[in-house]
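Asker: the sequence and its predicted three-dimensional model are supplied below.
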Amino acid sequence: MSLGPALRALLGIALLTAMDAVVKAQMQSHPFIVALFMRFAMGGVCALAVLAILRPPVPTRASVIGNSMRVPVVVLTAGSFFYSISVLPLAEALTLAFDFEWVNRNLFGDVYARTESFWQNSDLSSYGIPASDKELALIGDLKKQMAPEFIDGSYTLPVTDGSGRDRKVLKRAVDLLKEAGYTIRDGRMVDDTGRQLSFEIMTQSPDQEKVALAYQRFLTAIGVEAAVRTVDDSSYQQRSQSFDYDMVLKSYSSSLSPGVEQVGRWGSASRDVKGTDSFAGIADPGVDRILSAIVSARGKEDFVTAVRALDRVLMSRYYVIPLYHIAQQWVAHRKNLAHPPVTPLYGYALPAWWDETARPK
C-alpha cells in the first residue's frame, strides 16, 4: 500500500492529535504516570499497525542508534507536558478559592487592588494585552499549556460576591479539582485512594497569619484541609532558604529593569540551590529560554517582549496565588511641607521636598 507524503503527514498529525486528546481526558480519572503509560502504549500499538500496513525497509543500525538517543528526550518532554496538565487544574483551583473581595473588605477596609501581573501598571505587564507575534515566537511550545485567555490578554481573576463562599466561583474550583483527580467525599476533598487534599501554610507574622487563616476558611468550604503555622523569624528564614514548606507568603518586588534576579526566582539552575529565591521550584526549559532573552536583550522592544512573555507564562501556570497591592503611596506630613507637582516614577523623594515657611516672602 502506497500513500503520498502529504497524506502520510496528515494521517500522522490526526493520529497524534487524537492520542493526546484521549490522554488529556484520561488525566481526569487516572494518575499522571498511568496516563503517560497509556499514551506511549497507544503510540506503540499504532506504530505497529502502520508498520504492518506500509512494510517499510529494515532500518539501518545508525538509524536505530539515532532514534534510541531521542527516546529519553521524547519521554521527558511528553512527561512534562502531561504532568503540567494534571497539576494546572489543582493550582488554578487553589487560586480561585482565595476570596480577595472578602479579605480586602473585612481585613483591610477595601484599600487594596487585586494583583494580576508581576509588573502590573507598567509597560512590562502582559495584563490586558494580547501577545504579539514576537512574543508568541518566544513562548514557543509553552503556548500549548496556556489557556487562550492568557494569549489574547482577556484573562482576569474572578470577582466574588465577598461572602467568602461565592458558590459560582467555588463550583468552578471544585470542577477543576475533579479534573485533577479529586472529589468531595463526606465533606473532604480526597483523591482516588481516599487521601485528603491537605497542606501547610507557613507564616511569619500576625499580618500574614490573618490572611492565611482567612484562606484556610475558604478552603474548608470545599473540603480542603489547610494548616496554618506561624514560626519565628529565624525559623522562617531557615525554612525559606531550604524550601521546607508547602505554601508560603512572599513578596516578589520588581523593578522596571528586571534582569538576572529573575533567573534566581524562576530559572532551572536555581531550583535546588538553597538560599535562592526559587520559592516556586520551577525547572522548565521554556521558561529558561525566556529568561535568557531578558538577560540578553539589547533593545527596548526585545526587552519588553521578553518580560511580557515571562509574565504571561508565569501567570498562566498559577505558580503563585496573586494577592493585592496599593497603586499609590500615602504620606502623612505637616501642611507647611511642600513637594514637586510631578511624583518621580519610583515614588516620592524626600530630598526634593521643602518647607514653605522657609521661603523668602
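Answerer: It's in.
Asker: surely residue 324 meets residue 114?
Answerer: Yes. Contact criterion Cβ atoms under 8 Å: residue 324 and residue 114 qualify, at 5.9 Å. Heads up, the C-betas are built off the backbone N, CA and C, glycines and all.
Asker: grab the nearest non-local neighbour of residue 208.
Answerer: With sequence-adjacent residues excluded and distances taken as Cβ to Cβ, 6 or more residues apart in numbering, residue 208 is closest to residue 249, at 4.7 Å.
Asker: about what we covered before: residue 324 and residue 114: who's more crowded?
Answerer: Set residue 324 next to residue 114 and count neighbours by other Cβ atoms under 10 Å: residue 114 wins out with 18 against 14.
Asker: which residue, other than its chain neighbours, is closest to the more buried one?
Answerer: Once flanking residues are discounted, residue 114 sits nearest to residue 100: 5.1 Å by Cβ to Cβ, 6+ apart.
Asker: what sits against the one you found?
Answerer: Listed by Cβ atoms under 8 Å, 6 or more residues apart in numbering, the contact partners of residue 100 are 114, 157, 160, 323-324.
Asker: pretty sure residue 269 contacts residue 260?
Answerer: No. Using Cβ under 8 Å, residue 269 is not in contact with residue 260, being 11.2 Å away.
Asker: more neighbours: which of those two?
Answerer: residue 269 (13 against 10).
Asker: so who does the more buried one touch?
Answerer: When contacts are counted by Cβ under 8 Å, 6+ apart, residue 269 touches 263, 288.
Asker: please tell me how far residue 275 sits from residue 152.
Answerer: Using Cβ to Cβ, to the nearest Å, residue 275 is found at 39 Å from residue 152.
Asker: thinking again about what came up before, may I ask which two of the contacts of residue 100 are separated the most?
Answerer: Spatial extent of those (Cβ to Cβ) is set by the pair 160 and 323 at 14.5 Å.
Asker: okay, those two: which has more neighbours?
Answerer: Remark: of residue 160 and residue 323, residue 160 carries more neighbours, 20 against 17, as counted by other Cβ under 10 Å.
Asker: what helix or strand does the more buried one sit in?
Answerer: Residue 160 belongs to no helix or strand when assigned by DSSP states H and E.
Asker: all strands of the stretch 51-200 of the chain, in order?
Answerer: 113-114, 183-185, 188-190, 198-203 (DSSP state E, counting those that start in this stretch).
Asker: just these: most buried one?
Answerer: Among these, strand 188-190 has the highest mean neighbour count (mean count of other Cβ atoms under 10 Å), at a mean of 19.
Asker: show residues contacting that one.
Answerer: Outside strand 188-190, the residues within contact range by Cβ under 8 Å, 6+ apart are 177, 182-184, 196-197, 222-225.
Asker: in CSV: the residues you listed, plus distance to residue 95 and pLDDT.
Answerer: Shown next, in CSV, are the contacts of strand 188-190 (distance: Cβ to Cβ, whole Å; pLDDT from 0 to 100):
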residue, distance to residue 95, pLDDT
177, 12, 96
182, 15, 95
183, 20, 95
184, 19, 96
196, 20, 96
197, 14, 96
222, 13, 97
223, 17, 97
224, 13, 97
225, 18, 97
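Asker: residue ranges with poor pLDDT in the stretch 201-350 of the chain?
Answerer: Across the stretch 201-350 of the chain, nothing is flagged by pLDDT under 70.
Asker: domain parsing for the protein?
Answerer: Using automatic domain parsing, the domains assigned to the chain come out as 5-81, 82-325.
Asker: of all these, which one is nearest residue 341?
Answerer: When these are compared (using Cβ to Cβ), the closest one is domain 82-325, at 20.3 Å.
Asker: quick one: the helices in the stretch 101-250 of the chain?
Answerer: Using DSSP state H, counting those that start in this stretch, the helices of the stretch 101-250 of the chain run over 133-139, 148-152, 167-179, 206-220, 233-241.
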